[in-house]
Structure formats: structure tokens, C-alpha cells
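Asks: just a sequence and a predicted model for now, questions to come.
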Amino acid sequence: MNEIISVKRLSKSYGGLSAVQDLNLSVMQGTIFGLLGANGAGKSTTIECMLGTKKPDTGRVSILGMNPFRQRKQLFENVGVQFQEANYQDKVTVVELCQVTQSLYRHAADYEELLKKFGISHKAKSMVKELSGGQRQKLFIVLALIPQPKVVFLDELTTGLDAKARREVWKILSDLKGKGLTIFLTSHFMDKVEALCDTICILRKGKAVFYGTVKEAVADSPYDKFEDAYLWYSDEEVNDDENI
Amino acid sequence: MMRTFRIMLKNEMKLSLRDMNMVIFAICIPLVVLMILGVIYGNKPAFPDAEYTFLEQSFGALTTIAICAGGVMGLPLVVSNYRSRKILKRFKVTPVSPAVILAVQVVIYMIYSVASLILLYIVSAHFFGFRMGGSIFAFLGGYLLVMLSIFSIGMMVGGIAPNSQTASVIASLLYFPMLIFSGATLPYEAMPGALQKIADILPLTQGIKILKATSLGLPIENTFVPMIVMVVLAVICIGVSLCFFKWE
Ligand SMILES: Nc1ncnc2c1ncn2[C@@H]1O[C@H](COP(=O)(O)OP(=O)(O)OP(=O)(O)O)[C@@H](O)[C@H]1O
Ligand SMILES: [Mg+2]
């Protein structure tokens, strides 16, 4: 198996606050990697440092064997990204956003098909700001898939989606994984993470407190259920008390 | 690359038209000023025994109102707005280059400016007896140079302003003085001498001198200094905006 993403000793601080500390990650082709952690643990900061939208203080990142700063154009032909916040022009419509996104790539997918797959093709003519939160989220997953990427980064992909939509989105992602897509995601839904992620990394205050498979995470904790184990790893208070 | 440009241009033009701001500032305002000057001065000569009318003398200046609106207001505001709304950040994780994003916006404001020029020409020729005294090609050449130069100021402001508030403050500080004191609306010839001296510092005043000379068919030698000013300004501003372009 090929290593698609490699992060070595990544650190990033904002002023005095250290948001990510000495993080090492490795993601293999065709796997789903879950970066987990409480709010403010440093997940988005990690993703943005990996993509080059934030400059890491130290560390090396390589995606598809390329450096996101030096080989930006070449790299992003094959990478799809969904940021945690949706960014779009004030009066833009769904179709317009899709058309422009499609035009940026050499081997783009058919966006109409993707909109249909995600159940929002009836909203194609609407303005993006008039979509419901969940519909907008689906749209930005569609945008991340338009490049027909080899790897996608999805930051909080299912927050705001209802139970049915979550199930559909995860189904689509596991199908894509079956076709060889590598997925890097953050999520707060532990049942889905458990079902889908091959490898996880749990961050607490910017530091990796667990790295491995879901099974290992449960085995190394005093709990039988993954959700409990996750809370045990990520809960700042409990662990801080223990450290004392 | 060409396809990206074409589709982005179409899309951004639609967004800009939905917004209506530029239709008012770049298309309507110049026509209104033209009407006012036309009604006040009619076919009067620019000065006793002049070979051209006051309106003909003002035509070159009027065509820069749209350049000014697009170049120092529209362009910096849209770019800085896209930055603060993190739309540029999304583009950063795609293969598109910043030059394409800037070029699309530049072309949009060029379209507005040229549309304004054509409308001004039609209205002034039809209703106020306007005749181009000089060579039309010299005029268009000068027009392109002035446009490039003024737009480059906007590109620089939009490209490097830290946030959209700063950009809109800088844009207003550039736009209103230029519009009023460089002779674009208030005719340079109607200004008192002291004010003319201040006006001469503004780059647009220099640009308007080129347009006046070419539209009236005055000797081209007088425009060498203004031309150099325009070219130097464009080179510096374009260089700065591309070198220091900020996605976020
Ligand atoms: N631009 C910034 N300037 C200063 N501090 C920041 C900035 N962005 C993030 N932080 C801080 O860095 C820490 C990590 O933030 P980050 O957004 O990476 O968390 P996260 O794990 O993605 O959280 P969430 O689950 O809420 O999305 C937080 O304490 C946050 O306040
Ligand atoms: Mg986050």
C-alpha cells in the first residue's frame, strides 16, 4: 500500500497558545483516517497546516508525495477539500458554484450526477445562502468530490445533517473508499467513526493522545465501548486530574 | 486555463450585475454628468475662439469616471471581500492561480468601462454634437493605458489590504478625491489655479491629460510626462499586487 499523506513533527501555535504539538500522521491509500478530539483540540488547525492554508511553525507535510506549498497547483488537481466553514460569494447559486469549481480541474466529475447522488439536485437553481444548513453541507461535500480526487479532506462533514442524511453520506464515502479514494476526516459522530475509520488519531489540546485502530483504542482503555473510550482519551478534565 | 477564465468570468459578471453597484457608479453616473455638462454648456466653445466645444474638451475626462469607479472602488472591494469571506482560501486549495482570479475581476471592470465609453460617445455625438478631433486609435491607446494604470492601483489595494474595512477606507480615500479633484467630474479648466496644482499630483489628472490631448487632436508631445507617470504607476502596482498577493 502507498502512503498518501505523511505528516512529520507538525507544530503550530497562535501567539502563546499551542494549537498543534509535534504531530505525526501517516495515511495509506484507500483508507479512511479520522482525526478526533474535543472542540478546540486542534483538528482544523492540523488540516489547514497540512493543506497550506495555514503555515505550520515546524514540521513536514507531504500529500501524494508533494509539498502543498511548493507544488500547490499540481497537488490540488487531485485533492478535494471541504473546510469546516462554508465560504461562498453572497449571491451565487448552486449551479454557478459547481460550474466554476468544475472548470478549475482537468479531470472534473459531472456535478449534476453528484448533486443527484446527494439528493440536492432540485436545489440547483437556488442561491447557496438560501439552502438549509444540511443541504449546504452536502453541497460542499459535492464540491470536494468534483475534482475526482485521489484524496479528500473533510472537516466536520456530517455536523448539521439529519440521521438519514448522515447515513447516506457515510454510505457514499464508503463506496468511494472501495474505489480507492483516501479520506481524511474529522467527526464528532463516534458510531460512524467506529464503523468506517481504519485509523484514528485522538487529539487533546493539540497533542496526539491516541493513534491506532478503533479496536486498539478500546483495548487500551478501561472501557468496552468506543464512545466511552474516546471520551476517556479526549476528556481534558479527567485526564488532567489523573496527571496530578 | 482559458476555460477556467471563461467560466469564472461569466459567473462573476452575473454576480456583479446582480449587485447593481457598478451599473450605477460606472454606467449611470457618467451619463448623468454628461447630461448636466451638455445642458449647461451646450455647444459653447471651450474658451473664446476655441476650435472645440466645452463638452468635447470634457469628453476624455468623463470617460474616466467608470475607470475610476471600477478600478479604485469595485476592484479592491471585491478582491478584499473575497479574501475576508474566505473565498480566496477555498481557491487556494484548487489548482487555480491568483493571476487568473485577478484577471477575471480586471476584465469585468474593463467591460463596464468600455460600455460606459461607448454609451458616452453615442449620447454625446447624438445629442450634443460631439466630434472626435484627434485620431480614434490614439485615443483608444491612451484610454487603455489610463485604464491599466488606474486598475493596477485597485489591484494593489485589493491584493494586499489586510481586511475589507481597510480596503474600503483606502478605496474611498482614493476614489472621492480622484473623482472630484482630478477633473473627471468637475472640469479641470473650471478649477482655480491653486486647486489645479493640487490636482496635478493625482495620477488620474495626468491620465485625463492624455485623453484630452488625443480626443481633441492636440500635440501629442505634451503627453509624454503623463504617459511615463501612467506606465511607471502600472508597473509598480501590478508588480506589488502579484508579489504580495494574500489568499487570507
Ligand atoms: N486564527 C486563530 N487565531 C488564534 N487562535 C486560534 C485560531 N484558530 C484556532 N485557534 C485556537 O486554536 C485551538 C484549536 O482550534 P481548531 O479550530 O484547530 O480546533 P478544532 O479541533 O477544529 O475544534 P472544533 O471541533 O470546534 O472544530 C483553539 O483553542 C482555537 O481557539
Ligand atoms: Mg474544527
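Replies: That came through, no problem. Residues are numbered from 1 along each chain as shown, chains lettered A, B, ... in the order given. Ligands and ions are numbered 1, 2, ... in the order given.

Asks: run a quick neighbour tally on residue A:213.
Replies: When counting by other CB atoms under 10 Å in any protein chain shown, one arrives at 12 neighbours for residue A:213. Placement of C-beta: from N, CA and C, glycine included.

Asks: that should have said residue B:6, apologies.
Replies: Taking other CB under 10 Å as the criterion, the count of residues near residue B:6 is 12.

Asks: and for residue B:239?
Replies: Residue B:239: 12 surrounding residues under other CB under 10 Å.

Asks: interface residues of chain B facing chain A?
Replies: Chain B has residues B:3-4, B:6-8, B:11, B:14-15, B:18-19, B:82, B:85-87, B:89-97, B:247-248 near chain A, with proximity defined as CB under 8 Å from any CB of the partner chain.

Asks: in helices, which of those residues appear?
Replies: Helix and strand membership here follows DSSP state H; of those, those in helices are B:3-4, B:6-8, B:11, B:14-15, B:18-19, B:82, B:87, B:89-92.

Asks: buried stuff in stretch A:93-108?
Replies: Of the residues in stretch A:93-108, those scored as buried under the neighbour-count criterion (16 or more other CB atoms under 10 Å in any protein chain shown) are A:93-105, A:108.

Asks: between which two of these is the distance greatest?
Replies: Greatest spatial distance among these (CB to CB): A:93 and A:105, at 19.9 Å.

Asks: helices or strands next to the longest helix along chain A in the packing?
Replies: Among the segments of chain A that qualify as a helix by DSSP H, the longest is helix A:163-178. Judged by 3 or more CB pairs under 8 Å, 6 or more residues apart in numbering or on different chains; DSSP states H and E, the packing partners of helix A:163-178 are strand A:32-37, helix A:133-145, strand A:182-186, helix A:190-196.

Asks: now that helix, how far from the chain's geometric center?
Replies: On the basis of CA atoms, centre = their mean, to the nearest Å, helix A:163-178 is displaced by 14 Å from the centre of the chain it belongs to.

Asks: what comes up buried for that helix?
Replies: Taking 16+ other CB under 10 Å as the neighbour-count basis, helix A:163-178 is seen to contain the buried residues A:165-166, A:168-170, A:172-173, A:176-177.

Asks: which residues does that helix contact?
Replies: Identification of contacts with helix A:163-178 by CB atoms under 8 Å, 6 or more residues apart in numbering or on different chains yields A:30-32, A:117-119, A:134, A:138, A:141, A:145, A:157-158, A:161, A:183, A:189, A:192, A:195-196.

Asks: let's see 6 Å
Replies: Applying CB atoms under 6 Å, 6 or more residues apart in numbering or on different chains, the contact partners of helix A:163-178 are A:32, A:134, A:158, A:192, A:196.

Asks: redo those as a markdown table? Include pLDDT and neighbour count.
Replies: As requested, the contacts of helix A:163-178 are exported to a markdown table (pLDDT from 0 to 100; neighbours: other CB atoms under 10 Å in any protein chain shown):
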| residue | pLDDT | neighbour count |
| --- | --- | --- |
| A:32 | 96 | 24 |
| A:134 | 87 | 17 |
| A:158 | 77 | 24 |
| A:192 | 87 | 20 |
| A:196 | 91 | 19 |
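
Asks: quick check: residue A:203 is in a strand.
Replies: Yes - counting by DSSP: H, G, I helix; E, B strand; the rest coil, residue A:203 is part of a strand.

Asks: for chain B, which segments are assigned as strands?
Replies: Remark: no strands are assigned in chain B by DSSP state E.

Asks: who's in contact with the one residue in it that gets nearest to ligand 1?
Replies: Nearest to ligand 1 in chain B, going by CB to the nearest ligand atom, is residue B:248, at a distance of 9.7 Å. With contacts defined as CB under 6 Å, 6+ apart, the neighbours of residue B:248 are residue B:89.

Asks: show me what the worst-scoring helix or strand of chain B on mean pLDDT is packed up against.
Replies: Of the helices and strands making up chain B, the lowest-confidence element is helix B:193-199, at a mean of 87, by mean pLDDT, DSSP states H and E. Under the contact criterion of 3 or more CB pairs under 6 Å, 6 or more residues apart in numbering or on different chains; DSSP states H and E, the helices and strands touching helix B:193-199 comprise an empty set.

Asks: buried ones in that helix?
Replies: Neighbour-count burial for helix B:193-199 flags residue B:199 (criterion: 16+ other CB under 10 Å).

Asks: chain center to that helix: distance?
Replies: Going by CA atoms, centre = their mean, the spacing between the C-alpha centre of helix B:193-199 and its chain's C-alpha centre is 21 Å.

Asks: hmm, who's touching that helix?
Replies: Residues external to helix B:193-199 that are found in contact with it (CB under 6 Å, 6+ apart): B:181-182, B:205.

Asks: how about a cut-off of 8 Å?
Replies: Outside of helix B:193-199, the residues within contact range by CB under 8 Å, 6+ apart are B:181-183, B:188, B:191, B:205.

Asks: by neighbours, which of those residues wins?
Replies: Per-residue neighbour counts (other CB under 10 Å) across these peak at residue B:183, which has 27 neighbours.

Asks: what's the spacing between that residue and residue A:88?
Replies: In this structure, residue B:183 and residue A:88 are 40 Å apart, going by CB to CB, to the nearest Å.

Asks: residue B:30 now?
Replies: Between residue B:30 and residue A:88 the computed distance is 32 Å (CB to CB).

Asks: comparing the two, which residue is more hemmed in?
Replies: When neighbours are counted by other CB under 10 Å, residue B:30 comes out ahead of the other of residue B:30 and residue A:88, with 27 against 21.
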